[in-house]
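Chemist: for reference, the sequence and a predicted model appear below.
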Amino acid sequence: MKYVKTFESFGQPLFESYNPYDNILQRLGGDLKKSADTVQDYLNTGDNKKTILQGKLDGVNKKDDAVTIKTVKPSAIQLKPSQDTVYPDQSIGMLITAPPLRDQILSGAVSAESMFISADGYIIDGHHRWSATHALNPKCKLIATQINLPIKVALPVLNAILRATNTPDQGKSGRPGKNVFQGANADEVHEIISDVIQNGVAGGKWMPPKEHFDAEGDPTEWYKFIASKLKAAQSWKEVPYIIAANINKMNSPASFFGDRTQMPQIPDDSSNVKSILRSGIMDIKPPLRTNYAKKMKNKPSLAGEGPK
(Lines give C-alpha, C1' and ligand atoms only; values in the text may rest on other atoms or scores of the structure.)
Protein backbone atom coordinates (compact mmCIF):
# COMPACT_ATOMS: atom_id res chain seq x y z
CA MET A 1 0.00 0.00 0.00
CA LYS A 2 2.90 2.33 0.65
CA TYR A 3 3.99 1.93 -3.00
CA VAL A 4 0.50 2.82 -4.25
CA LYS A 5 0.38 5.86 -1.99
CA THR A 6 3.76 7.08 -3.22
CA PHE A 7 2.74 6.56 -6.84
CA GLU A 8 -0.50 8.46 -6.35
CA SER A 9 1.35 11.31 -4.67
CA PHE A 10 2.77 12.16 -8.08
CA GLY A 11 -0.73 12.59 -9.42
CA GLN A 12 -0.45 9.50 -11.61
CA PRO A 13 -3.14 6.79 -11.60
CA LEU A 14 -1.77 3.36 -10.80
CA PHE A 15 -0.25 1.55 -13.83
CA GLU A 16 -0.57 4.64 -16.08
CA SER A 17 2.55 5.15 -18.18
CA TYR A 18 4.48 8.32 -17.49
CA ASN A 19 6.63 10.08 -20.05
CA PRO A 20 9.14 12.47 -18.42
CA TYR A 21 9.45 14.30 -21.74
CA ASP A 22 5.78 15.26 -22.10
CA ASN A 23 6.44 18.89 -21.22
CA ILE A 24 9.30 19.51 -23.63
CA LEU A 25 7.32 17.83 -26.42
CA GLN A 26 4.29 20.00 -25.59
CA ARG A 27 6.46 23.06 -26.06
CA LEU A 28 8.55 21.99 -29.05
CA GLY A 29 6.15 19.61 -30.77
CA GLY A 30 6.14 15.84 -31.06
CA ASP A 31 5.42 15.54 -34.80
CA LEU A 32 8.81 14.76 -36.32
CA LYS A 33 7.54 15.28 -39.86
CA LYS A 34 7.51 19.01 -39.17
CA SER A 35 9.89 19.25 -36.21
CA ALA A 36 12.08 22.12 -37.44
CA ASP A 37 9.06 24.19 -38.51
CA THR A 38 7.24 23.66 -35.19
CA VAL A 39 10.36 24.52 -33.20
CA GLN A 40 10.86 27.69 -35.22
CA ASP A 41 7.23 28.72 -34.59
CA TYR A 42 7.79 28.19 -30.88
CA LEU A 43 10.98 30.25 -30.85
CA ASN A 44 9.22 33.05 -32.74
CA THR A 45 6.59 33.30 -29.99
CA GLY A 46 7.17 35.88 -27.25
CA ASP A 47 10.59 35.69 -25.60
CA ASN A 48 10.99 31.96 -26.17
CA LYS A 49 14.15 32.22 -28.27
CA LYS A 50 15.80 34.32 -25.58
CA THR A 51 14.71 32.28 -22.58
CA ILE A 52 14.73 28.67 -23.81
CA LEU A 53 18.41 28.23 -22.86
CA GLN A 54 18.11 29.97 -19.49
CA GLY A 55 16.62 27.05 -17.54
CA LYS A 56 13.98 29.14 -15.78
CA LEU A 57 11.20 26.57 -15.59
CA ASP A 58 12.58 24.66 -12.60
CA GLY A 59 14.47 27.40 -10.80
CA VAL A 60 18.21 27.03 -10.38
CA ASN A 61 18.29 23.22 -10.56
CA LYS A 62 20.08 22.19 -13.75
CA LYS A 63 21.33 18.75 -12.81
CA ASP A 64 18.07 17.02 -13.75
CA ASP A 65 18.26 18.45 -17.29
CA ALA A 66 21.91 17.69 -18.00
CA VAL A 67 22.16 15.25 -20.92
CA THR A 68 24.83 12.56 -20.77
CA ILE A 69 26.99 12.28 -23.89
CA LYS A 70 29.37 9.46 -24.71
CA THR A 71 31.40 8.09 -27.61
CA VAL A 72 30.28 4.74 -29.02
CA LYS A 73 31.41 2.49 -31.88
CA PRO A 74 28.43 0.83 -33.57
CA SER A 75 28.68 -0.98 -36.89
CA ALA A 76 26.88 0.61 -39.83
CA ILE A 77 24.36 -2.22 -40.03
CA GLN A 78 23.26 -1.60 -36.41
CA LEU A 79 22.18 2.00 -36.97
CA LYS A 80 18.75 3.29 -38.03
CA PRO A 81 18.09 6.38 -40.18
CA SER A 82 15.84 9.22 -39.03
CA GLN A 83 15.40 11.16 -42.27
CA ASP A 84 13.48 9.97 -45.29
CA THR A 85 15.97 10.94 -48.00
CA VAL A 86 19.66 10.14 -48.46
CA TYR A 87 21.23 10.95 -51.81
CA PRO A 88 23.16 8.02 -53.34
CA ASP A 89 25.45 10.24 -55.42
CA GLN A 90 26.71 11.86 -52.21
CA SER A 91 27.06 8.52 -50.41
CA ILE A 92 28.75 6.62 -53.22
CA GLY A 93 30.63 9.77 -54.17
CA MET A 94 32.40 9.74 -50.78
CA LEU A 95 33.83 6.33 -51.66
CA ILE A 96 35.42 7.79 -54.79
CA THR A 97 36.35 11.37 -53.86
CA ALA A 98 37.51 10.72 -50.26
CA PRO A 99 40.23 8.02 -50.40
CA PRO A 100 41.11 8.19 -46.65
CA LEU A 101 37.48 7.50 -45.71
CA ARG A 102 37.21 4.76 -48.35
CA ASP A 103 40.34 3.04 -47.05
CA GLN A 104 39.10 3.16 -43.45
CA ILE A 105 35.76 1.66 -44.46
CA LEU A 106 37.53 -1.15 -46.29
CA SER A 107 39.70 -1.76 -43.21
CA GLY A 108 36.60 -2.11 -41.02
CA ALA A 109 36.88 0.98 -38.79
CA VAL A 110 36.31 4.68 -39.45
CA SER A 111 38.47 6.75 -37.10
CA ALA A 112 36.84 10.18 -37.30
CA GLU A 113 33.99 11.00 -34.90
CA SER A 114 31.50 12.55 -37.30
CA MET A 115 28.06 11.26 -36.38
CA PHE A 116 25.41 11.98 -33.75
CA ILE A 117 23.06 9.19 -32.69
CA SER A 118 20.23 8.92 -30.16
CA ALA A 119 20.00 6.69 -27.10
CA ASP A 120 17.83 4.27 -29.10
CA GLY A 121 20.28 3.94 -32.00
CA TYR A 122 18.87 6.37 -34.56
CA ILE A 123 21.17 8.56 -36.64
CA ILE A 124 20.63 12.25 -35.89
CA ASP A 125 23.35 13.66 -38.12
CA GLY A 126 25.75 11.85 -40.46
CA HIS A 127 23.36 9.92 -42.71
CA HIS A 128 25.51 10.15 -45.84
CA ARG A 129 28.67 8.96 -44.09
CA TRP A 130 26.66 6.10 -42.59
CA SER A 131 25.13 5.13 -45.96
CA ALA A 132 28.52 5.34 -47.70
CA THR A 133 29.98 3.03 -45.06
CA HIS A 134 27.06 0.61 -45.27
CA ALA A 135 27.23 0.53 -49.08
CA LEU A 136 30.83 -0.68 -49.06
CA ASN A 137 31.16 -2.54 -45.74
CA PRO A 138 28.05 -2.90 -43.54
CA LYS A 139 30.08 -4.41 -40.69
CA CYS A 140 32.47 -1.45 -40.52
CA LYS A 141 32.64 0.30 -37.14
CA LEU A 142 31.83 4.00 -36.94
CA ILE A 143 32.68 6.43 -34.15
CA ALA A 144 29.58 8.30 -33.03
CA THR A 145 28.54 10.79 -30.37
CA GLN A 146 25.57 9.30 -28.54
CA ILE A 147 23.28 11.63 -26.61
CA ASN A 148 21.17 10.09 -23.87
CA LEU A 149 17.79 11.11 -25.30
CA PRO A 150 15.35 9.02 -27.35
CA ILE A 151 15.07 10.10 -30.97
CA LYS A 152 11.57 11.59 -30.57
CA VAL A 153 12.99 14.01 -27.99
CA ALA A 154 16.49 14.43 -29.42
CA LEU A 155 15.33 15.87 -32.75
CA PRO A 156 13.20 18.76 -31.40
CA VAL A 157 15.72 19.50 -28.63
CA LEU A 158 18.61 19.75 -31.10
CA ASN A 159 16.53 21.74 -33.56
CA ALA A 160 15.77 24.18 -30.74
CA ILE A 161 19.41 24.50 -29.66
CA LEU A 162 20.66 25.12 -33.20
CA ARG A 163 17.98 27.70 -33.98
CA ALA A 164 18.18 29.45 -30.62
CA THR A 165 21.94 29.89 -31.13
CA ASN A 166 21.54 30.94 -34.80
CA THR A 167 23.70 28.05 -36.04
CA PRO A 168 23.86 28.12 -39.87
CA ASP A 169 22.21 25.30 -41.81
CA GLN A 170 24.81 22.70 -42.79
CA GLY A 171 22.60 21.02 -45.41
CA LYS A 172 24.09 19.83 -48.71
CA SER A 173 22.48 19.29 -52.08
CA GLY A 174 22.16 16.00 -53.87
CA ARG A 175 20.78 14.61 -57.08
CA PRO A 176 17.00 15.33 -57.10
CA GLY A 177 14.75 12.30 -57.36
CA LYS A 178 17.35 9.83 -56.13
CA ASN A 179 17.08 8.20 -52.72
CA VAL A 180 18.93 5.18 -51.31
CA PHE A 181 15.79 4.09 -49.48
CA GLN A 182 14.11 3.45 -52.81
CA GLY A 183 16.60 0.65 -53.36
CA ALA A 184 19.22 0.24 -56.06
CA ASN A 185 20.36 -2.19 -58.71
CA ALA A 186 23.82 -2.71 -60.19
CA ASP A 187 23.07 -0.67 -63.31
CA GLU A 188 22.00 2.34 -61.22
CA VAL A 189 25.07 2.04 -59.01
CA HIS A 190 27.31 1.79 -62.10
CA GLU A 191 25.68 4.91 -63.57
CA ILE A 192 26.32 6.92 -60.40
CA ILE A 193 29.92 5.71 -60.10
CA SER A 194 30.61 6.53 -63.75
CA ASP A 195 29.20 10.02 -63.32
CA VAL A 196 31.30 10.69 -60.19
CA ILE A 197 34.43 9.29 -61.87
CA GLN A 198 33.92 11.80 -64.68
CA ASN A 199 32.30 14.82 -63.01
CA GLY A 200 32.86 14.52 -59.28
CA VAL A 201 30.19 15.47 -56.72
CA ALA A 202 28.29 18.73 -56.23
CA GLY A 203 29.15 20.15 -59.62
CA GLY A 204 32.83 19.23 -59.35
CA LYS A 205 33.35 20.55 -55.83
CA TRP A 206 34.75 17.16 -54.85
CA MET A 207 36.65 15.25 -57.53
CA PRO A 208 38.16 11.75 -57.61
CA PRO A 209 41.94 11.41 -57.25
CA LYS A 210 43.95 11.39 -60.48
CA GLU A 211 44.39 7.62 -60.50
CA HIS A 212 40.61 7.09 -60.62
CA PHE A 213 39.50 10.08 -62.67
CA ASP A 214 38.44 9.27 -66.21
CA ALA A 215 37.26 11.87 -68.70
CA GLU A 216 34.91 9.32 -70.27
CA GLY A 217 33.54 8.10 -66.96
CA ASP A 218 35.06 4.62 -67.16
CA PRO A 219 35.17 3.24 -63.57
CA THR A 220 37.15 0.08 -64.39
CA GLU A 221 40.30 1.13 -62.50
CA TRP A 222 38.26 2.09 -59.44
CA TYR A 223 36.40 -1.23 -59.57
CA LYS A 224 39.70 -3.12 -59.75
CA PHE A 225 41.08 -1.23 -56.76
CA ILE A 226 37.96 -1.92 -54.65
CA ALA A 227 37.90 -5.59 -55.68
CA SER A 228 41.53 -5.99 -54.56
CA LYS A 229 40.57 -4.84 -51.06
CA LEU A 230 37.04 -6.23 -50.75
CA LYS A 231 36.94 -9.84 -49.58
CA ALA A 232 33.42 -10.35 -50.93
CA ALA A 233 34.50 -9.58 -54.51
CA GLN A 234 35.81 -12.44 -56.63
CA SER A 235 36.05 -10.16 -59.67
CA TRP A 236 36.09 -6.39 -60.24
CA LYS A 237 32.89 -6.79 -62.26
CA GLU A 238 31.05 -7.81 -59.07
CA VAL A 239 31.67 -4.49 -57.29
CA PRO A 240 28.49 -2.61 -58.41
CA TYR A 241 26.41 -5.68 -57.56
CA ILE A 242 27.90 -5.87 -54.06
CA ILE A 243 27.31 -2.15 -53.44
CA ALA A 244 23.71 -2.42 -54.68
CA ALA A 245 23.07 -5.43 -52.43
CA ASN A 246 24.47 -3.57 -49.40
CA ILE A 247 22.30 -0.53 -50.14
CA ASN A 248 19.24 -2.76 -50.27
CA LYS A 249 20.07 -4.14 -46.81
CA MET A 250 20.05 -0.71 -45.15
CA ASN A 251 17.45 -0.07 -42.46
CA SER A 252 14.69 2.19 -43.78
CA PRO A 253 13.35 5.22 -41.87
CA ALA A 254 10.14 4.85 -39.89
CA SER A 255 7.04 6.55 -41.29
CA PHE A 256 6.95 9.18 -38.51
CA PHE A 257 10.16 10.87 -39.72
CA GLY A 258 10.20 13.88 -42.03
CA ASP A 259 12.48 15.00 -44.82
CA ARG A 260 15.99 16.49 -44.57
CA THR A 261 14.68 20.02 -44.04
CA GLN A 262 13.23 18.98 -40.66
CA MET A 263 16.49 17.47 -39.40
CA PRO A 264 19.04 19.19 -37.16
CA GLN A 265 22.20 19.95 -39.14
CA ILE A 266 24.97 19.87 -36.55
CA PRO A 267 28.14 21.81 -37.49
CA ASP A 268 31.53 20.11 -37.81
CA ASP A 269 32.57 21.88 -34.62
CA SER A 270 29.89 20.49 -32.33
CA SER A 271 31.49 21.64 -29.06
CA ASN A 272 28.87 24.32 -28.37
CA VAL A 273 25.98 21.90 -28.92
CA LYS A 274 27.58 19.34 -26.61
CA SER A 275 28.26 22.00 -23.97
CA ILE A 276 24.62 23.13 -23.93
CA LEU A 277 23.34 19.56 -23.62
CA ARG A 278 25.74 18.74 -20.78
CA SER A 279 25.07 22.00 -18.92
CA GLY A 280 21.36 21.39 -18.26
CA ILE A 281 20.45 25.00 -19.14
CA MET A 282 17.56 23.78 -21.28
CA ASP A 283 14.55 22.52 -19.31
CA ILE A 284 13.99 19.06 -20.73
CA LYS A 285 12.64 17.00 -17.83
CA PRO A 286 10.60 17.64 -14.67
CA PRO A 287 10.47 18.82 -11.98
CA LEU A 288 9.11 22.19 -13.08
CA ARG A 289 7.97 24.89 -10.69
CA THR A 290 4.53 23.97 -9.36
CA ASN A 291 2.85 27.21 -10.42
CA TYR A 292 4.27 26.95 -13.93
CA ALA A 293 3.33 23.30 -14.30
CA LYS A 294 -0.28 24.18 -13.47
CA LYS A 295 -0.32 26.99 -16.04
CA MET A 296 0.98 24.67 -18.75
CA LYS A 297 -2.06 22.41 -18.48
CA ASN A 298 -4.31 25.08 -19.92
CA LYS A 299 -1.93 26.75 -22.35
CA PRO A 300 -1.66 26.10 -26.10
CA SER A 301 1.31 24.12 -27.40
CA LEU A 302 3.22 27.30 -28.29
CA ALA A 303 2.89 28.82 -24.84
CA GLY A 304 5.51 31.33 -23.76
CA GLU A 305 8.64 30.02 -22.08
CA GLY A 306 8.92 30.64 -18.37
CA PRO A 307 6.50 31.92 -15.74
CA LYS A 308 4.81 35.28 -16.19
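Modeler: In hand now; what should we look at?
Chemist: mind listing the strands in the chain by residue range?
Modeler: Secondary structure of the chain by DSSP state E: the strands cover 69-72, 109-117, 123-125, 141-147.
Chemist: weakest of these by average pLDDT?
Modeler: Lowest mean pLDDT within the strands of the chain: strand 109-117, at a mean of 89.
Chemist: can you list the strands that that one pairs with?
Modeler: Strand 109-117 has its sheet partners listed here by DSSP bridges as strand 123-125 (antiparallel), strand 141-147 (parallel).
Chemist: so how far is stretch 98-116 off the chain centroid?
Modeler: Here the centre of stretch 98-116 is set off from its chain's centre by 17 Å, with CA atoms, centre = their mean, to the nearest Å.
Chemist: returning to what we had before: deepest-packed of the strands of the chain, please.
Modeler: Using mean count of other CB atoms under 10 Å, the stretch among those with the largest mean neighbour count is strand 123-125, at a mean of 25. Yep, even glycine has a C-beta here, placed from its N, CA and C like the rest.
Chemist: so what touches it?
Modeler: Strand 123-125 has contacts (CB atoms under 8 Å, 6 or more residues apart in numbering) with 79-83, 115-118, 130, 147, 151, 154-155, 158, 263-266.
Chemist: one more: stretch 108-119?
Modeler: 71-74, 79, 82, 101, 104, 123-126, 129-130, 133, 137, 139-151, 154, 158, 266, 268, 270.
Chemist: just give the closest residue to Met94, not the sequence neighbours.
Modeler: Of all residues not flanking Met94 in the chain, Ala132 sits nearest, at 4.2 Å (CB to CB, 6 or more residues apart in numbering).
Chemist: the one you found: neighbour count?
Modeler: 27 (other CB atoms under 10 Å).
Chemist: out of the strands of the chain, nearest to Gly258?
Modeler: Of all these, strand 123-125 sits nearest to Gly258, with 13.2 Å by CB to CB.
Chemist: and the most centrally placed residue in the chain, how far is that from Gly30?
Modeler: Centre of the chain computed as the mean C-alpha position; nearest residue by CA atoms, centre = their mean is Ile124, 1.6 Å away. Counting by CB to CB, to the nearest Å, the gap from Ile124 to Gly30 is 16 Å.
Chemist: and what of Asn251?
Modeler: Counting by CB to CB, the separation of Asn251 from Gly30 is 22 Å.
Chemist: give me phi/psi at Ser252?
Modeler: Main-chain torsions, Ser252, degrees, to the nearest 10: phi -100, psi 150.
Chemist: any idea how many residues pack against Asp47?
Modeler: Neighbour count for Asp47, taken as other CB under 10 Å: 12.
Chemist: same check, this time on Met250
Modeler: A count of nearby residues for Met250, using other CB under 10 Å, gives 23.
Chemist: and for stretch 203-217, what are the contacting residues?
Modeler: 93, 96-99, 194-200, 219, 221-222, 225.
Chemist: between those, which sits nearest Phe181?
Modeler: For the contacts of stretch 203-217, the residue nearest Phe181 by CB to CB is Gly93; the value is 17.3 Å.
Chemist: Leu57 and Asp283 touch, don't they?
Modeler: Yes - shown here, Leu57 and Asp283 form a contact pair, counting by CB atoms under 8 Å, at 4.0 Å.
Chemist: was I right about Ile92 contacting Val189?
Modeler: Yes - between Ile92 and Val189 there is a contact at 6.9 Å, judged by CB under 8 Å.
Chemist: and the nearest residue to Leu158 once chain neighbours are set aside, its phi and psi?
Modeler: Leaving aside its chain neighbours, Leu158 sits nearest to Pro264 (3.8 Å; criterion: CB to CB, 6+ apart). Backbone torsions of Pro264, given as degrees, to the nearest 10, read phi -70, psi 130.
Chemist: near the residue nearest to Thr165 when sequence neighbours are not counted, how many other residues are there?
Modeler: Take Thr165 and drop its neighbours on the chain: the residue closest to it by CB to CB, 6+ apart is Asn272, 6.7 Å away. For Asn272, the neighbour count with other CB under 10 Å is 14.
Chemist: one more: the one 5 residues further on?
Modeler: Here the count is done by other CB under 10 Å, and Leu277 has 25 residues near it.
Chemist: now swap in Ile193 and tell me
Modeler: Neighbourhood size, Ile193 [other CB under 10 Å]: 25.
Chemist: what about it, distance to Thr97?
Modeler: Going from Ile193 to Thr97 by CB to CB gives 11 Å.
Chemist: also Asp120?
Modeler: 32 Å.
Chemist: higher neighbour count, those two?
Modeler: Neighbour totals were compared for Asp120 and Thr97, and Thr97 leads with 22 against 12 (other CB under 10 Å).
Chemist: give me the below-cutoff pLDDT ranges for the stretch 1-150 of the chain.
Modeler: In the predicted model of the stretch 1-150 of the chain, residues 1-18, 58-62 satisfy pLDDT under 70.
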